[in-house]
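In: could you work out the structure for the sequence below:
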Amino acid sequence: MRCSIKMGIKRFSQGMGIVAAAAAVICSVCFVHGADVAVKGMKHSNRNEIRPYVSMADAFVQGDSMVYADGWYYYCSQLDHYYLYRAREDGTEQTLLAKMMPESIYVDGDTVYFLNINDDMTLYRVGTDGSGLCRLSDTSLPYLKVWGDYFYFLRAGKDSVAGLYRMKKDGSGLELLIGGNVLQFVTDGERLTYILEDEEARKYLLYHADMNGENRSAIWELSSKIIHQSGLQLTPDFLYCEQNDGTGRLYRLDLADAVPGEQIAVLPDGDWRIANGSVYCMTEEKKDGIRTVRLYRLTEEGPDRVVGKWGSERGEEEASAIDGWELLYENTAQGMYSTNGYWGNLASFYVTEKHIFVREFWSVEEGVLWVSLDEEMQPSLWENSQQVPVVTPAVELDYGELSSVIMSLHTPEDYSMYMAEDLTYEDSFGVYGQETAYGEFSIRLPQFNEEIEGYQKINRFFQERYEWALEEKERFYEEDLDIGCSYFEEMDYEYMYLDENYLTVSGGLYGWIGGIRAFRREMPVTFDRQSGEVLSLGDLFAVPEEEAMLCLFASIYKYMECSERGSELGLSNTILRDAYNVKQFYLTEDGIGLYYARYAIGSGADGDFLFVIPYEAVADILAEPLNQSEAAQDKEP
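Out: Prediction:
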């Protein structure tokens, strides 16, 4: 729960208008307002006025997770499985456009372009009414920019030549513009500005080039590379660049005169943007179980204008009153430390023509939500949980001192009436001393009886696995084990779940053949109870497997947010999908368990993972009801 009262927060509601703020004194949100400050700058001969902080994004809908166009906001929902949504300016008519996780959203007329996070960051388009969804590229794009008739994007070079590319909006005409390790780029439609790494000389050079990549010229050498997407930003008159050398220095370059960069501020370890005539910066402080998010606006330039470096070097009184910066928004939330003690930045913000949106950690029950700040910096929870479906967070099983999370699973009831005699086998590589065996190898696999309709086919499956295990024994003994060594292997099963439609049996190959820890090769299998057929995860659902998996992953992402581990396995991190095997799942009393082996999504010390997605979270897309076991029915009131 939050550490202070959410008075003053309002929620948008469809059909009911906007609920007014409830209190004049706001305990959990602090606002400070101030007049705009004129900023110095040289006038260009071809312009009537200097506009140092008017971003190109003000005139064109740029790629973000929240964008505005023609009276609508287009955004990645924080409630409904991170799908692509749109809503009116007042938050009404919140409408699903595509069941995909979008990033780098662009709106061009009646078409929305975006990168699909759950499809290797490939490029898609869909109509603003949700029609005509189609994939435009089959390669991953870290991020893109749209200008005129083209997409501009970077490729890292794993499966293609590294560099800056462009492609027509219909997906044709792919061409390499700038070869090499291009780190960042921006464009104003007249020329490209990009950072190119010279790996041999260890230099990072800022270049200009024509929109077709020709007529390149170096304009500045940076002291370090820029790794954040927001680290290079463009206005009609200036280029803004953050040095990523630990200092957080923000520089401004005069594009007309190509003079060396002028330091105008020092940024924290956070996000910054230029829009609506201002430089904005967000900090996120974590201390004693409390998260504090602050949004600032630069009002006075200078090399010493710093936003509370790292959020911890200044006292509480100084945190909201920093020279040269105006505090626009402050919010605190009480949460929990993640199980591994890691705290990442969960907050981000987006500036559009009409509002500022903050996407921030809200509570351990709701995770990260959208908050809208209007022109007066008044906050509102943007999405309406009464109108938009809400994803149910997964549960991560905790196995404490056990060697594997699977050992924490418990068979929910006595299944002896369904069992025949197990398939068993025991052997050893040799004996020593007083007939002490070493290099032991054993097998124990289940067999079932006619109480399970598809038992004969299920039994054949385990008989074949038994034969495979015997072949594994021969490979194990090829190691020529030393006398008295403690190496061992076993094929065994530990957990079983049975309901009216499905049977899940855990099992795998376990042992120790040297190293710092024993190995586990989990081999869970789920059968159709009637036919005895082996099922993949997609077979459980009445919708395409891709859609079903997206629903399951969204539940895990929401859990990561609620446990404040959102930046550890956050939405933009596709490892949950990339590392997943569709046969590595378990049915339990409480939900569908997605299993990840040790090293799949974490370090060896992190162990293996089992995320359980509650059945109610996927009830609408299941092919057959789940959780129909006798034990589960006994739990019902």
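In: tell me the pLDDT of residue 501.
Out: pLDDT recorded at residue 501 is 92.
In: swap in residue 204?
Out: So, for residue 204, pLDDT stands at 86.
In: any idea which helix or strand carries it?
Out: Taking DSSP states H and E as the criterion, residue 204 maps to strand 203-210.
In: list the helices and strands that strand packs on?
Out: Here strand 203-210 touches strand 175-179, strand 191-198, strand 217-222, going by 3 or more Cβ pairs under 8 Å, 6 or more residues apart in numbering; DSSP states H and E. Yep, even glycine has a C-beta here, placed from its N, CA and C like the rest.
In: out of these, which one sits most buried?
Out: Across the helices and strands packed on strand 203-210, averaging neighbours per residue (mean count of other Cβ atoms under 10 Å) puts strand 191-198 on top, at a mean of 20.
In: and it, which strands flank it?
Out: strand 181-187 (antiparallel), strand 203-210 (antiparallel) (DSSP bridges).
In: to residue 523, which of those strands lies closest?
Out: Ranking the strands paired with strand 191-198 by proximity to residue 523 (Cβ to Cβ) places strand 181-187 first, at 41.7 Å.
In: tilt between that closest one and strand 217-222?
Out: Relative orientation of strand 181-187 versus strand 217-222 (axes from the mean of the first three to the mean of the last three Cα atoms, to 10 degrees): 110 degrees.
In: rewinding a little: any idea which of the strands paired with strand 191-198 is most buried?
Out: strand 181-187 (a mean of 20).
In: in terms of helices and strands, where is the residue of the chain positioned farthest from its centre?
Out: Taking Cα atoms, centre = their mean, the residue of the chain most remote from its mean C-alpha position is residue 434, at 57.3 Å. Using DSSP H and E, residue 434 sits in no helix or strand.
In: how far away is it from residue 486?
Out: Distance, residue 434 to residue 486, by Cβ to Cβ, to the nearest Å: 17 Å.
In: ok, now how distant is the nearest residue to residue 169 once chain neighbours are set aside from residue 170?
Out: Counting by Cβ to Cβ, 6 or more residues apart in numbering, residue 169 lies nearest to residue 149, which is 5.9 Å off, once chain neighbours are set aside. Residue 149 sits at a distance of 9 Å from residue 170 (criterion: Cβ to Cβ).
In: helix, strand or coil for residue 417?
Out: helix (DSSP: H, G, I helix; E, B strand; the rest coil).
In: how near is it to residue 492?
Out: Distance from residue 417 to residue 492, by Cβ to Cβ: 22 Å.
In: between these two, who's got more neighbours?
Out: Set residue 417 next to residue 492 and count neighbours by other Cβ atoms under 10 Å: residue 492 wins out with 16 against 8.
In: so what's that one bridging to?
Out: residue 508.
In: ok, it - contacts?
Out: Listed by Cβ atoms under 8 Å, 6 or more residues apart in numbering, the contact set of residue 492 reads 442, 443, 444, 445, 507, 508, 510.
In: one more pass at 10 Å, please.
Out: 422, 424, 442, 443, 444, 445, 469, 506, 507, 508, 509, 510 (Cβ atoms under 10 Å, 6 or more residues apart in numbering).
In: quick check: the spatially closest residue to residue 365 that is not a sequence neighbour vs residue 398, distance?
Out: Spatial nearest neighbour of residue 365, excluding adjacent residues (Cβ to Cβ, 6+ apart): residue 562 at 6.7 Å. Distance of residue 562 to residue 398, given as Cβ to Cβ: 15 Å.
In: the more surrounded of the two?
Out: Higher neighbour count among residue 562 and residue 398: residue 562, with 21 against 10, using other Cβ under 10 Å.
In: separation between that one and residue 553?
Out: 15 Å.
In: which non-adjacent residue is nearest residue 76?
Out: residue 65 (4.5 Å).
In: I'd assumed residue 106 was in contact with the one you found.
Out: No. Counting by Cβ atoms under 10 Å, residue 65 does not reach residue 106; the two are 11.8 Å apart.
In: need the residues touching each of these two.
Out: Contacts common to residue 65 and residue 106, judged by Cβ under 10 Å, 6+ apart, are 74, 114.
In: related to what we said a few turns ago, list the contacts of the residue nearest to residue 365.
Out: Contacts of residue 562 were listed using Cβ under 10 Å, 6+ apart, and they are 335, 336, 361, 362, 363, 364, 365, 366, 367, 368, 393, 394.
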